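quick one: sequence plus predicted model below, questions after.
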Amino acid sequence: MAEPFAIDFRNVTFAYGREPIVEDVNLSVGPREMTCIVGPNGGGKTTLLKLMLGLLRPRVGQVRILGKSPERARPHIGYMPQHIHYDPRFPVTVMDIVMMGRLRAGWGGRYSKADRAAALSALAELGIEALAPTPFAQLSGGQRQRVLIARALACEPALLLLDEPTANVDALAEGKMLDFMRELSHRMAIVMVSHDLGFVAGVVENVICVNRRVHVHPTREVTGQVIRDVYGGEVRMVGHGHHLRH
């Protein structure tokens, strides 16, 4: 029996008021496919992620995640937000942050040995297990990004959603992140939001272009004209060592 799509949108429209934020969306992402969402600010990228997480419900259409409703699939989704809001004076450690990825419905207030093992495994996979006792507030921007990815991996997901995973990292760290994402995609589906079009071209096969309407393009078809259509004007595409067609 074939595995269900990791993400399957059928004729999905969502609006906060009368004006649709995303309209008539049809897209699918395979069980071990890596894809990227691009589009202008306010175009609907975050709305798509929230629909995938079940934090929003479509006005029209159906969203299926891992063959289930988003609410039922949520324990199997790892999510890394673009920003984390916290009080830097609060003494939370890296391990505390990553263990949050093990929170689940019916949690009794105590983590198990399996929870701790999963958190340590996620930290080790990112190469930052030595940071486990470090106060989160003392980390650099790039280290914080890796900790948040480790938190998303701690739930041992089948689908990983990443909002701007290369923000606040330098070119060397970005290259390592690319390699890491490629490895992860052998065992899970990955969807990333990114403004870095060079990053997109180097690591994914398909690009989800969002500006209220949604179009899915193979990466090789993401030309300068496609990007102008999505962003509504001239956009400079920086390749970061990858070849892009204009």
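Great, that's in hand. Numbers count the residues shown, from 1 in each chain.

flag the shaky bits of this structure, pLDDT-wise.
For the chain, the stretches flagged by pLDDT under 70 are 1, 105-108, 168, 196-200, 221-246.

all the strands of it, residue numbers only.
7-15, 20-29, 34-38, 60-65, 77-80, 159-163, 189-193, 206-211, 213-218 (DSSP state E).

those strands into a markdown table, with extra columns for mean neighbour count?
C-beta: built from backbone N, CA, C; applies to glycine. Output for the strands of the chain, formatted as a markdown table (neighbours: other C-beta atoms under 10 Å):
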| stretch | mean neighbour count |
| --- | --- |
| strand 7-15 | 18 |
| strand 20-29 | 19 |
| strand 34-38 | 24 |
| strand 60-65 | 18 |
| strand 77-80 | 22 |
| strand 159-163 | 23 |
| strand 189-193 | 24 |
| strand 206-211 | 22 |
| strand 213-218 | 16 |
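
residue nearest the centroid of the chain?
Taking C-alpha atoms, centre = their mean, the centroid of the chain lies closest to residue 162, which sits 1.8 Å from it.

contact partners for that one?
Residue 162 makes contacts with 79, 80, 149, 152, 190, 191, 192, 193, as judged by C-beta atoms under 8 Å, 6 or more residues apart in numbering.

give the contact list for residue 10.
Shown in contact with residue 10 (C-beta under 8 Å, 6+ apart): 26, 61, 62, 63, 64.

can we see that at 10 Å?
25, 26, 27, 28, 58, 60, 61, 62, 63, 64 (C-beta atoms under 10 Å, 6 or more residues apart in numbering).

residue 155 too?
Contact analysis of residue 155 by C-beta under 10 Å, 6+ apart lists 74-79, 100-104, 115, 118-119, 122.

change it to 8 Å
For residue 155, the contact set (C-beta under 8 Å, 6+ apart) comprises 75, 76, 77, 78, 101, 102, 104, 118.

now residue 205
Residue 205 is in contact with 33, 34, 35, 218, 219, counting by C-beta under 8 Å, 6+ apart.

ok, back up a step: save the strands of the chain as TSV, and put in distance to residue 109 too.
Formatted as TSV, the strands of the chain follow (distance: least, C-beta to C-beta, whole Å):
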stretch	distance to residue 109
strand 7-15	33
strand 20-29	35
strand 34-38	36
strand 60-65	28
strand 77-80	22
strand 159-163	27
strand 189-193	32
strand 206-211	39
strand 213-218	41
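
nearest to residue 86, of those?
strand 77-80 (14.7 Å; C-beta to C-beta).

and the closest one, how far from the chain's centre?
Strand 77-80 sits 7 Å away from the centroid of its parent chain (C-alpha atoms, centre = their mean, to the nearest Å).

please renumber so the chain begins at 11
New numbering, starting at 11: the last item is strand 87-90.

and it, what does it pack against?
Judged by 3 or more C-beta pairs under 8 Å, 6 or more residues apart in numbering; DSSP states H and E, the packing partners of strand 87-90 are helix 55-63, helix 151-163, strand 169-173.

give me the sheet partners of the shortest one and which way each runs.
Read it as strand 169-173. Using DSSP bridges, the strands paired with strand 169-173 are strand 87-90 (parallel), strand 199-203 (parallel).
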